[in-house]
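Novice: Got a predicted structure plus its sequence, pasted below:
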Amino acid sequence: MLVKTYGSAVFGVDALTITIEVCIGGGNKYHILGSPDHTIRESLRRIESAIQTAGLKMPRQKIVINLSPAGIRKEGAAYDLPIAIAILAASGQIEALHTDQYFMMGELSLDGGLQPIRGALPIAIQAQAAGFKGFILPKDNSSEAAIVSELLVYGMDNLLEVVSFFKLPLSEKPPHTLLATKNPFPVSADFDCDFADVKGQENIKRALEIAAAGGHNLILIGPPGAGKTMLAKRLPSILPPLSIPEALETTKIHSVAGKLNGLDALLSSRPYRCPHHTISDVALVGGGANPQPGEISLAHNGVLFLDELPEFKRSVLEVMRQPLEDRSITISRAKLSVSYPASFMLIASMNPCPCGFYNHPTRECSCAGGMVQKYLSKISGPLLDRIDLHVEVTPVNFKELTSEVAAEKSERIRARVIAARAIQGMRFQGRPDMHCNAQMNANMVRQVCQINAKGQSLIKKAMERLGLSARAYDRILKVARTIADLAGTEDIRSEHLAEAINYRSLDRESWTP
């Protein structure tokens with residue numbers, strides 16, 4: 001007897017329908033066809049133990065299993081459940097009338113329990129798009145799959161529950177399981193870190209506010225202990241909340257990477273990723289034998305913080321150049337190519353020199369001649385070209401540190417950021433590829449960031465006197481546009497340009513010896 005069940009394979013952040021065909025006939029051998037990997041070839045041992053534990057029988061006949069389309073590589077243990085149900089249906093132990101109306105995915109343990117899978121959300125989206133009635137999966141994944149509307153989601157604990165489900169007549173099947181009730185979009189405003197806890201550093205807070213308002217990349221340069229990492233950790237507390245499409249896309253990436261726990265539905269806060277400087281280029285951008293999202297994709301719609309930027313390997317930093325420009329990453333292999341979104345804010349920090357005290361207001365730098373320039377040259381010009389704000393961080397003095405004056409809370413800063421993003425949302429209406437000022441291309445900069453003759457004169461003088469490079473010109477205009485949006489003005493004024501020029505420290509010829 002031939003029976004078909006349905007599952008899915010995930011490529012990138014999207015899923016593809018896979019048909020599991022099982023035929024039982026004469027003989028006593030098991031065959032799995034359709035480009036399975038080693039894990040799938042081992043599945044019959046797990047399935048046999050799970051079926052016997054459930055009080056059912058594993059057929060002692062020839063079983064031919066085909067995963068279609070056969071030309072696509074199938075990987076992982078999540079095909080255990082649809083294969084087991086197809087075997088039971090083909091052997092007549094359960095009714096096969098309704099098995100073709102449901103997606104099924106789940107790894108079976110030897111006692112028949114269902115273990116969590118990766119990519120439940122994109123699979124649920126594919127099930128709904130393909131017109132299936134429901135999705136049966138492990139209970140730990142039911143919350144994320146239940147996000148998809150018009151799809152019945154059934155979270156199960158073990159194989160016996162799934163068998164009992166298919167033994168029910170269609171009219172008696174439950175509408176959904178209790179854990180799979182449709183979750184409203186949660187909005188989280190609670191953060192462990194708040195700018196109110198930071199003493200002094202008002203100029204750095206202002207720079208972070210501008211970066212958040214325009215989606216700009218930023219680098220903090222200062223001595224050890226000046227508060228660079230502490231300030232960067234508080235950036236998510238002033239970012240605007242995720243929209244529904246952003247939350248869905250971000251959750252899909254984390255689902256594929258297996259980063260969601262059983263309680264997660266939609267991610268409600270923007271990601272904040274802080275990889276160690278020993279990270280490899282594959283771990284950062286994604287890839288591997290079975291391609292998985294890297295840190296830059298896990299930071300999609302959020303923040304990627306690289307602490308001590310010059311300590312990262314040069315090859316690691318250089319692979320970020322293309323994702324920073326295109327806001328996506330494509331991983332190509334001999335048999336497939338997958339793409340992951342990578343629209344993130346890059347926040348980096350670094351010491352100005354090996355000892356950390358170059359340009360320090362009170363301490364003298366002990367580095368030998370040329371060491372400062374050599375240290376800074378670890379960061380290439382093309383990478384710096386993609387960073388809009390260069391901000392010098394100086395240590396907080398004792399008076400500011402012991403001040404009793406209350407600092408501004410993140411909540412108030414966040415309100416200004418949201419207002420500025422609303423202005424940008426109206427500006428880029430009808431442009432799905434642009435959501436904030438940092439994403440503007442050169443043509444858009446010329447249209448949106450027009451300045452008067454006084455402003456042109458100011459930029460000209462700044463470039464001549466401070467030795468600013470030509471690549472700083474567009475960055476200054478983008479940042480000035482964001483500062484104007486925060487001020488609520490339609491035109492870019494001279495004071496906005498002056499502040500933007502001040503945030504190009506590393507472009508100044510006089511900054512290094």
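Specialist: All right, it came through fine.
Novice: Only C-alpha atoms from now on, for both contacts and neighbour counts.
Specialist: Fine.
Novice: Which strand or helix spans I329?
Specialist: Under the criterion of DSSP states H and E, I329 resides in strand 328-332.
Novice: Give the pairing partners of the next helix or strand along the chain from that strand; include direction for each.
Specialist: From strand 328-332 onward toward the C-terminus, using DSSP H and E, the following helix or strand is strand 337-341. The sheet places strand 337-341 alongside strand 328-332 (antiparallel), with pairing taken from DSSP bridges.
Novice: Distance from the chain centre to the partner strand, please.
Specialist: Strand 328-332 sits 14 Å away from the centroid of its parent chain (Cα atoms, centre = their mean, to the nearest Å).
Novice: Might you report the residue contacts of I379?
Specialist: 309-310, 314, 317 (Cα atoms under 8 Å, 6 or more residues apart in numbering).
Novice: Are any of those residues buried, and if so which?
Specialist: 309-310, 317 (16 or more other Cα atoms under 10 Å).
Novice: Okay, and which of those map to helices?
Specialist: L317 (DSSP state H).
Novice: related to what we said a few turns ago, who touches the strand holding I329?
Specialist: Contacts for strand 328-332 (Cα under 8 Å, 6+ apart): 285-287, 291, 297, 322-323, 337-343.
Novice: run the last query once more with 7 Å
Specialist: 287, 323, 337-343 (Cα atoms under 7 Å, 6 or more residues apart in numbering).
Novice: next one: stretch 220-230
Specialist: 348-352, 356-357, 390-396.
Novice: Out of those residues, which comes closest to K133?
Specialist: Closest approach between these and K133, by Cα to Cα: A348, at 47.0 Å.
Novice: In three-state terms, label that closest one for me.
Specialist: Three-state call for A348 (DSSP: H, G, I helix; E, B strand; the rest coil): strand.
Novice: how deep is it tucked in, by neighbour count?
Specialist: For A348, the neighbour count with other Cα atoms under 10 Å is 23.
Novice: So for it, what pLDDT did the model give?
Specialist: If you check A348, the pLDDT there is 95.
Novice: Contacts only, for it.
Specialist: 218-220, 305-307, 309.
Novice: got JSON lines for those, with distance to S109 and pLDDT too?
Specialist: Converted to JSON lines, these look like this (distance: Cα to Cα, whole Å; pLDDT from 0 to 100):
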{"residue": "L218", "distance to S109": "47", "pLDDT": "95"}
{"residue": "I219", "distance to S109": "48", "pLDDT": "94"}
{"residue": "L220", "distance to S109": "49", "pLDDT": "93"}
{"residue": "F305", "distance to S109": "38", "pLDDT": "96"}
{"residue": "L306", "distance to S109": "39", "pLDDT": "95"}
{"residue": "D307", "distance to S109": "41", "pLDDT": "93"}
{"residue": "L309", "distance to S109": "44", "pLDDT": "93"}
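Novice: So which of the residues you listed sit within strands?
Specialist: 218-220, 305-306 (DSSP state E).
Novice: Select only the buried ones of the residues you listed in PyMOL?
Specialist: Here is the PyMOL selection string for the buried members of the ones in strands among the contacts of A348, based on 16+ other Cα under 10 Å:
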select buried, resi 218+219+220+305+306
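Novice: Can you tell me which of the contacts of I379 is nearest A484?
Specialist: For the contacts of I379, the nearest to A484 is L309 (29.9 Å; Cα to Cα).
Novice: ok, the closest one to V13 distance?
Specialist: Counting by Cα to Cα, to the nearest Å, the separation of L309 from V13 is 29 Å.
Novice: did I read that right, T250 in a helix?
Specialist: Yes: counting by three-state DSSP, one finds T250 located in a helix.
Novice: Distance of it relative to S268?
Specialist: Taking Cα to Cα, one finds T250 at 10 Å from S268.
Novice: How far off centre is stretch 154-172?
Specialist: 35 Å.
Novice: Which residue of T250 and S268 possesses the greater neighbour count?
Specialist: T250 (26 against 21).
Novice: May I ask which helix or strand encompasses the closest residue to that one other than its chain neighbours?
Specialist: Closest residue in space to T250, ignoring its immediate chain neighbours: H300 at 6.4 Å, by Cα to Cα, 6 or more residues apart in numbering. Assigned by DSSP H and E, H300 belongs to no helix or strand.
Novice: Who are the contact partners of H300?
Specialist: Contacts of H300 by Cα under 7 Å, 6+ apart are 250, 341-344.
Novice: Show me how the record splits this protein into domains.
Specialist: 2-180, 195-434 (automatic domain parsing).
Novice: Could you tell me the end-to-end distance of the last one?
Specialist: Looking at domain 195-434, the gap from its leading to its trailing residue is 28 Å under the measure Cα to Cα.
Novice: try stretch 206-223
Specialist: Stretch 206-223: ends 19 Å apart by Cα to Cα.
Novice: got a list of what the residue most central in space within the chain touches?
Specialist: Residue closest to the average C-alpha location in the chain (Cα atoms, centre = their mean): L298, at 2.7 Å. L298 is in contact with 253-254, counting by Cα under 7 Å, 6+ apart.
Novice: cool, and the one 10 residues further on?
Specialist: Taking Cα under 7 Å, 6+ apart, we find E308 in contact with 349-351.
Novice: Over to I63?
Specialist: 22-25, 29-31.
Novice: Moving C-terminal from the helix ranked longest in the chain, which element do we reach first?
Specialist: Selection of the longest helix in the chain by residue count, based on DSSP H, yields helix 410-427. Next in sequence after helix 410-427, counting helices and strands by DSSP H and E, comes helix 442-448.
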